[in-house]
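Participant: have a look at this fold, sequence not included:
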């Protein structure tokens, strides 16, 4: 028998539970729930059984997709950021802010900016005319709070706060950032103000990368993809196969849904490897087990976003060893996640 709270009881509520009252109660239990105005997801329409999102008209709304752009389309953003960017797959305009000003030592190894000390912001234009900007900022502990204040002042959300390295000096933190609007130049000015609150150095001309003291052919074979010499760091990237939706906006593969492996040559084929795995919840423990079996250290398990679908988790890792052996361990972990070599 279902009891109401004493506060709402009256004489009728305490009437005998007759067969008629039992029939009415049973019917009520199976009746559709109607949301009160201003509350509950029913206001947004029916819930789509596949995506889990709410939409009008009895189903989830069609996700808004990115549109292709040219470098010319981003000139105002480039001016506001104070440095040039590059265009990935004609969709994402990305500006990089390497922390060449920092000398960071982790477990006795001086960390190259390209290994784990790079900041970047990516801009995507959508079919509805809006723009999403997302990225990652590398900040010293002294810079963290004032930079957070500037981001808040400009309406830029911080969606993650974590570390990429274990014991290291000086302390460096990474914060993921996100904003969405119709004035990308204004968004870029907000990011520029945040970077100006740090000691991030001005842009420098891109130089030809130095040769790599690594067996990159064997590493490529082990990983099943072709990496890239990015300023003396060997990088391999894998993207999720699923379509990732953030607040009904389709995120392109290069924005917030990749596994990235960065190898810093140490001589004699050895490397320091740092990066992160992108996973759904059911993949996390299998990846961790494989990484530890190969003596790769787990640094941090966290999210980069707040509301993406499917929900994504990221594990940052660190190890030092033979580059080919590290690549083989990483490949075994890659194989238990739903990713493919990135086309960026």
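Facilitator: Received, thanks. All values reported here derive from a predicted model rather than from experimental measurement.
Participant: what does the pLDDT read for residue 85?
Facilitator: Residue-level confidence at residue 85 comes out at 96, pLDDT.
Participant: which SS class is the residue lying closest to it once chain neighbours are set aside?
Facilitator: Leaving aside its sequence neighbours, residue 85 sits nearest to residue 95 (CB to CB, 6 or more residues apart in numbering; 3.9 Å). In short, each C-beta sits where N, CA and C put it, glycine included. Residue 95 carries the three-state label strand when classified by DSSP: H, G, I helix; E, B strand; the rest coil.
Participant: ok, residue 95 - contacts?
Facilitator: Residues in contact with residue 95 (CB atoms under 8 Å, 6 or more residues apart in numbering) are 77-78, 81, 83-85, 120-121.
Participant: between those residues, which is closest to residue 140?
Facilitator: residue 120 (17.3 Å; CB to CB).
Participant: and the closest one, what are its bridge partners?
Facilitator: Beta-bridge pairing for residue 120 (DSSP bridges): residue 96, residue 136.
Participant: report how many residues lie close to it.
Facilitator: 15 (other CB atoms under 10 Å).
Participant: confirm that residue 236 sits in a strand.
Facilitator: Yes. Assigned with three-state DSSP, residue 236 falls within a strand.
Participant: identify the residues contacting it.
Facilitator: With CB under 8 Å, 6+ apart, residue 236 has these contacts: 219-220, 223, 225, 227-228, 260-261, 263, 327, 330, 341.
Participant: and if we set it to 7 Å?
Facilitator: 223, 225, 227, 261 (CB atoms under 7 Å, 6 or more residues apart in numbering).
Participant: surely residue 116 and residue 166 touch.
Facilitator: No. Between residue 116 and residue 166 there is no contact under CB atoms under 7 Å: 11.0 Å.
Participant: show me which of the two is the more surrounded one.
Facilitator: More neighbours surround residue 116 than the other of residue 116 and residue 166, with 26 against 14 (other CB under 10 Å).
Participant: show me what contacts residue 197?
Facilitator: 143, 146-147, 150.
Participant: pull out the buried residues from the residues you listed.
Facilitator: Restricting those to buried positions leaves 143, 147, 150, with burial counted as 16 or more other CB atoms under 10 Å.
Participant: am I right that the second one is in contact with residue 198?
Facilitator: Yes. Contact status for residue 147 versus residue 198: in contact at 6.0 Å, counting by CB under 7 Å.
Participant: which neighbours do the two have in common?
Facilitator: residue 139.
Participant: coming back round to it: distance of the residue nearest to residue 85 relative to residue 128?
Facilitator: Look at residue 95 and residue 128: by CB to CB, to the nearest Å, they are 23 Å apart.
Participant: can you check residue 341 too?
Facilitator: Taking CB to CB, one finds residue 341 at 31 Å from residue 128.
Participant: these two: who's more crowded?
Facilitator: residue 341 (15 against 12).
Participant: nearest spatial neighbour of the more buried one, chain-adjacent residues omitted?
Facilitator: residue 225 (3.8 Å).
Participant: count of residues packed around that neighbour?
Facilitator: Residue 225: 18 neighbours (other CB under 10 Å).
Participant: repeat for residue 270
Facilitator: Residues near residue 270, counting by other CB under 10 Å: 17.
Participant: residues touching it, list them.
Facilitator: Contacts for residue 270 (CB under 7 Å, 6+ apart) come out as 320-323.
Participant: and for residue 332?
Facilitator: Contacts of residue 332 (CB under 7 Å, 6+ apart): residue 290.
Participant: name the helix or strand for it, please.
Facilitator: Taking DSSP states H and E as the criterion, residue 332 maps to helix 323-334.
Participant: confidence score at the closest residue to residue 329 other than its chain neighbours?
Facilitator: Once flanking residues are discounted, residue 329 sits nearest to residue 294: 3.0 Å by CB to CB, 6+ apart. What the model reports for residue 294 is a pLDDT of 97.
Participant: hmm, residue 294 is touching residue 327, no?
Facilitator: No. Residue 294 is not in contact with residue 327 according to CB under 7 Å; the separation is 10.0 Å.
Participant: between those two, which one's more packed in?
Facilitator: Between residue 294 and residue 327, counting by other CB under 10 Å, residue 327 is the more crowded of the two (27 against 16).
Participant: contact partners for that one?
Facilitator: Neighbours of residue 327 in contact, by CB under 7 Å, 6+ apart: 219, 222-223.
Participant: hang on, the earlier thing: name the strands paired with the following helix or strand past the helix holding residue 332 and say parallel or antiparallel.
Facilitator: Following helix 323-334 in sequence order, the next helix or strand is strand 339-341 (DSSP H and E). Take DSSP bridges as the rule and strand 339-341 pairs in its sheet with strand 233-240 (antiparallel).
Participant: got the contact list for the next helix or strand after the partner strand?
Facilitator: Moving toward the C-terminus from strand 233-240, the next helix or strand (DSSP H and E) is strand 244-246. Outside strand 244-246, the residues that touch it by CB under 7 Å, 6+ apart are 51, 63, 251, 257, 305, 307-309.
Participant: still on that earlier bit, next one: the helix holding residue 332 to chain centre, how far?
Facilitator: Relative to the centre of its chain, helix 323-334 is centred 22 Å away, using CA atoms, centre = their mean, to the nearest Å.
Participant: show me what counts as buried in it.
Facilitator: Neighbour-count burial for helix 323-334 flags 323-334 (criterion: 16+ other CB under 10 Å).
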